[in-house]
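Asker: Sequence and predicted structure are below.
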Amino acid sequence: MSTKVKVKTISMRDAIIEALTEEMERDEKTVLFGEDVGKFGGINAVTKGLYDKFGGKRVFDTPIAETTIVGAALGMAITGLRPIPELQFGDFVGIAFDEVFNKLGKWRYMHGGQMEVPVTLRLPIGIAGGAGPEHSQSPQALFMHAPGVQIAIPSTPYDAKGLLKTAIRDNNAVLFFEHKLLYGMKGEVPEEEYLIPLGKADIKREGSDVTIIATALQVHTALDAAKTLAKEGIQVEVVDPRTLAPLDKETILGSVRKTGRVLIVHEEPKTGGCGAEIAAQISEEALFDLHAPIRRIGSPDVPIAQSIYLEQFYRPSEEQIIEVVRELLEY
Amino acid sequence: MAEIYKKDINLGDYSKEDLIKFYKEMVKIRKFDENLIRLMHEGKVSGFYHSGIGSEGLSVGSIVNNLRDEDYIFYNHRGCNQKIAKGVPLSKIYGDFLGTIEGTTKGLGAGIVHSADPSRGVLGQCGTIGSQFNIVVGTGYSTKLQNTDQVSVCYFGDGAASREPLHGSLNWAGLYKLPVIYICENNGYAISSTLEETHSVREHIADWAWGYGIPSCVVDGNDVLLMNKVVKEAIDRAQRGEGPTFIEAQTFRHRGHFEGDAYDYVDKAVINDWKENRDPIKNYKKLLLENEICTEKDLLSIDEQLDQEILEAIKVAEEAPLPDPSRIYQGLFA
Ligand SMILES: Cc1ncc(C[n+]2csc(CCOP(=O)(O)OP(=O)(O)O)c2C)c(N)n1
């Protein structure tokens, strides 16, 4: 960040609260709801203070009814509100699958393009604290297969704030995935208002030897690995797509063409994860720029154990990344 | 528990003009339907069509002279009736079936399932039947928050009533006192299964609403004037801030579930009874004639005028071009 911009260091949680606050102040049609998001401030404390500021009509607790939460958001959106529903855990999107897959993503199109669907659905994801197989998943890749919804997945406070503000203002549905272990992570955020467009990847670290494409928490694992590898003279470039739909193919392909070696890292099961799609797109368009096969590191294809000891083995590690980077360099 | 809604209807409460309007709208819907089926037989329209013949009284009674353009509806899969009663131009609906750019979806060819006319409050339909239960609490919340007096009406069948979202929806609507009117088009059948085979209720589907503290009733959906009254009361209740109403309107379908259905799972005598003795249009026509609201000749000239109107609408829809193939890439995002 340039020295001219005044910055502050805040957590991703606070960055999200700032984005919500600013957008709710900006547009009185914005409403926020979900289970325990009101007085209590959300189980991850991401809506703290909003109930006091905006009142119980614009910030309200709902029954435990995920289908209704997402369905109602659509109804509000097509009649003039700008709803920001929260699911307590992203895993619960399965309960509202029809509402997301068949409704949010298709309502506008299937009714001839006559309505706007400004819904921002917030979904906490990721392995954190022994939450078990139904409270630790990262289901974002499912929706890369669902035309009509956009997918944001920030890795820093800066990205979270800028992307969330854009998502709320966007007149189409955005699924906003937040990794639970990132809520407390701090980073620099400008004092002044800013927006980050959907569909613009960020090169989190420049390098010339290997491209690592990573999302959410794994951006940080990749950056740690890059730092370690730099000590041996290996220059890793870390690309954070920031949104999976739209996907910034240009930045990804640009980096791949520069380094000729690709590793994709995410916390989703490897099979059918976002890495599968990204790898397919790279092989379609840049196969002959590659010096080595595209590699992926994901979670194993099994449900996530409840055990706090075991769950660490589902999360890609710095060591795994270093090992695969070394293998890629042997070609 | 749900009450059986009964009211003495005094024809003197209505102007002659309004009484004729109810007739005209019902006949328009029936003729629309008959002509659409003709187009299907001529091979011009393909896909699934769920005919609304037999339940015109329910749609016209609930909508005409009750709902304004700004009031929202989510129609059901048998809902051309409701779209027409709400004022969507016939050529637009035919255009959707024919897949020409005259349709509300400008050539997407959405047919029965997905046409919309937001300018007239027609916000669409769910192909996954009953998913509108969730969406309608959103529109209800929206109008309440924006302090308007708009109401949101949700149409669904007795079969769709078994979907789980009905309960989430009733809970929200009751809890937040939303201006939502649930109208269950109870024709006794979900494709081939009967109400009794698929529902655990005390007596009526409307009894469920009672459990959520929502006023509810069972009404003869084939009586257009009774239907008009019960919905009017529900609208008044919503506009007084007293929240939702659940109306179970009893009717029947004259044809099978969709065109091409042999309809052999229902006794012929039962179907004939509804056709002969309980047809909403036939009975209403008799009422108008017996009370000398109009003459046979008046009604005949209305029929002829409608025939003309429908042929013209079909012509407009048919003559409009099919969309350019690039149409499939339009309208995904705003
Ligand atoms: C969620 C869902 N399940 C099943 C279907 C298939 N389906 C379409 S209409 C229908 C029967 C609906 O019956 P009802 O709601 O009583 O309406 P009716 O056809 O009798 O008017 C079924 C099972 C569907 N479209 N969506």
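Answerer: Perfect, thanks for sending it.

Asker: in the lowest-mean-pLDDT helix or strand in chain A, what's buried?
Answerer: Lowest by mean pLDDT, DSSP states H and E among the helices and strands of chain A is helix A:308-311, with a mean of 88. Buried residues in helix A:308-311, counted by 16 or more other CB atoms under 10 Å in any protein chain shown: A:Glu311. The way it works is simple: take the backbone N, C-alpha and C, and place the C-beta from them, glycine included.

Asker: show me where pLDDT drops low in chain B?
Answerer: Scanning chain B for pLDDT under 70 picks out B:111-112.

Asker: The ligand contacts on that one?
Answerer: Within chain B, the positions near the ligand by CB under 6 Å from any ligand atom are B:50, B:77-78, B:127-129, B:157-160, B:185, B:187, B:189-191, B:257.

Asker: And for residue 115, the neighbour number?
Answerer: Because you didn't say which chain, this covers chain A. 20 (other CB atoms under 10 Å in any protein chain shown).

Asker: right idea, wrong chain: chain B
Answerer: 29.

Asker: Same check on A:Val70?
Answerer: A:Val70, neighbours per other CB under 10 Å, totals 28.

Asker: That one reaches A:Leu104, doesn't it?
Answerer: Yes. With contact defined as CB atoms under 8 Å, A:Val70 reaches A:Leu104; the gap is 6.9 Å.

Asker: list the contacts for A:Thr79?
Answerer: Residues near A:Thr79 by CB atoms under 8 Å, 6 or more residues apart in numbering or on different chains: B:72, B:123, B:138-139, B:142-143.

Asker: same question but for A:Ala15, I mixed them up
Answerer: With the criterion set at CB under 8 Å, 6+ apart, A:Ala15 makes contact with A:157-158, A:160-161, A:187, A:189.

Asker: what's the farthest-apart pair in those residues?
Answerer: A:Lys161 and A:Gly187 (9.8 Å; CB to CB).

Asker: related to what we said a few turns ago, report the buried members of the contacts of A:Thr79.
Answerer: Applying 16+ other CB under 10 Å to those, the neighbour count classes B:72, B:123, B:138-139, B:142-143 as buried.

Asker: that older thread, of the contacts of A:Thr79, which ones also sit close to chain A?
Answerer: Among the contacts of A:Thr79, proximity to chain A is found for B:72, B:123, B:138-139, B:142-143 (CB under 8 Å from any CB of the partner chain).

Asker: so which of those residues comes closest to A:Gln312?
Answerer: Nearest to A:Gln312, judged by CB to CB, of the ones next to chain A among the contacts of A:Thr79 is B:Gly138 at 40.5 Å.

Asker: Could you check how far the most centrally placed residue in chain B is from B:Leu170?
Answerer: Centroid check for chain B by CA atoms, centre = their mean gives B:Gln82 as the closest residue, at 3.4 Å. From B:Gln82 across to B:Leu170, the span is 21 Å (CB to CB, to the nearest Å).

Asker: for residue 276, what are its contacts?
Answerer: I'll assume chain A. By CB under 8 Å, 6+ apart, the residues touching A:Ala276 are A:141, A:270, A:296.

Asker: actually it's chain B I care about, not the one you picked
Answerer: B:Glu276 sits in contact with B:Lys282, where contact means CB under 8 Å, 6+ apart.

Asker: tell me which element it falls in.
Answerer: Applying DSSP states H and E as the criterion places B:Glu276 in helix B:268-277.

Asker: ok, then the element right after that helix?
Answerer: Once the chain leaves helix B:268-277, the following helix or strand, as judged by DSSP H and E, is helix B:280-290.

Asker: That following helix packs against which elements?
Answerer: helix B:16-41, helix B:56-63, helix B:224-239, helix B:296-319 (3 or more CB pairs under 8 Å, 6 or more residues apart in numbering or on different chains; DSSP states H and E).

Asker: Outside of the helix or strand following the shortest one itself, list whatever touches it.
Answerer: The one in question is helix B:56-63. Once the chain leaves helix B:56-63, the next helix or strand it forms, by DSSP H and E, is strand B:72-74. With contact meaning CB under 8 Å, 6+ apart, strand B:72-74 is reached by A:79, B:63, B:67, B:82, B:86, B:121-126, B:132, B:135-136, B:139, B:143, B:150-155.

Asker: which other helices and strands contact the next helix or strand after strand B:72-74?
Answerer: Sequence-wise, the next helix or strand downstream of strand B:72-74 (DSSP H and E) is helix B:80-85. Here helix B:80-85 touches helix B:16-41, helix B:56-63, helix B:90-98, going by 3+ CB pairs under 8 Å, 6+ apart.

Asker: Might you calculate how far helix B:80-85 sits from the centre of the chain?
Answerer: 6 Å (CA atoms, centre = their mean, to the nearest Å).

Asker: For B:Val113, give me its contacts.
Answerer: By CB under 8 Å, 6+ apart, B:Val113 lies in contact with A:110, B:77, B:125, B:127.

Asker: Now it: which helix or strand?
Answerer: Of the helices and strands defined by DSSP H and E, none includes B:Val113.

Asker: Under a three-state scheme, what state does the residue of the stretch 1-150 of chain A found nearest the ligand occupy?
Answerer: The minimum distance from the stretch 1-150 of chain A to the ligand, using CB to the nearest ligand atom, falls at A:Asp98 (7.6 Å). Following DSSP: H, G, I helix; E, B strand; the rest coil, the label given to A:Asp98 is helix.

Asker: just the strands in the stretch 201-331 of chain A please.
Answerer: Counting by DSSP state E, counting those that start in this stretch, the segments of the stretch 201-331 of chain A that form strands are A:202-205, A:210-214, A:236-240, A:243-245, A:262-269, A:295-299.

Asker: Can you list the helices and strands that the second one packs against?
Answerer: Counting contacts by 3+ CB pairs under 8 Å, 6+ apart, strand A:210-214 is packed against helix A:217-230, strand A:236-240, helix A:249-259, strand A:262-269, helix A:318-329.

Asker: Next: the longest one.
Answerer: Counting by 3+ CB pairs under 8 Å, 6+ apart, the packing neighbours recorded for strand A:262-269 are strand A:210-214, helix A:217-230, helix A:274-286, strand A:295-299, helix A:318-329.

Asker: Remind me what the second one packs against, helices and strands.
Answerer: Looking back up the chat, that one is helix A:217-230. Secondary structure elements in contact with helix A:217-230, counted by 3+ CB pairs under 8 Å, 6+ apart, are strand A:202-205, strand A:210-214, strand A:236-240, strand A:262-269, helix A:318-329.

Asker: I figured A:Ile17 hits A:Gly49, correct?
Answerer: Yes. If you go by CB under 8 Å, A:Ile17 and A:Gly49 touch, sitting 6.8 Å apart.

Asker: ok, the two, which is more surrounded?
Answerer: Using other CB under 10 Å, the more surrounded residue of A:Ile17 and A:Gly49 is A:Ile17, with 22 against 13.

Asker: tell me the SS of that one?
Answerer: Under the three-state scheme (three-state DSSP), A:Ile17 adopts helix.
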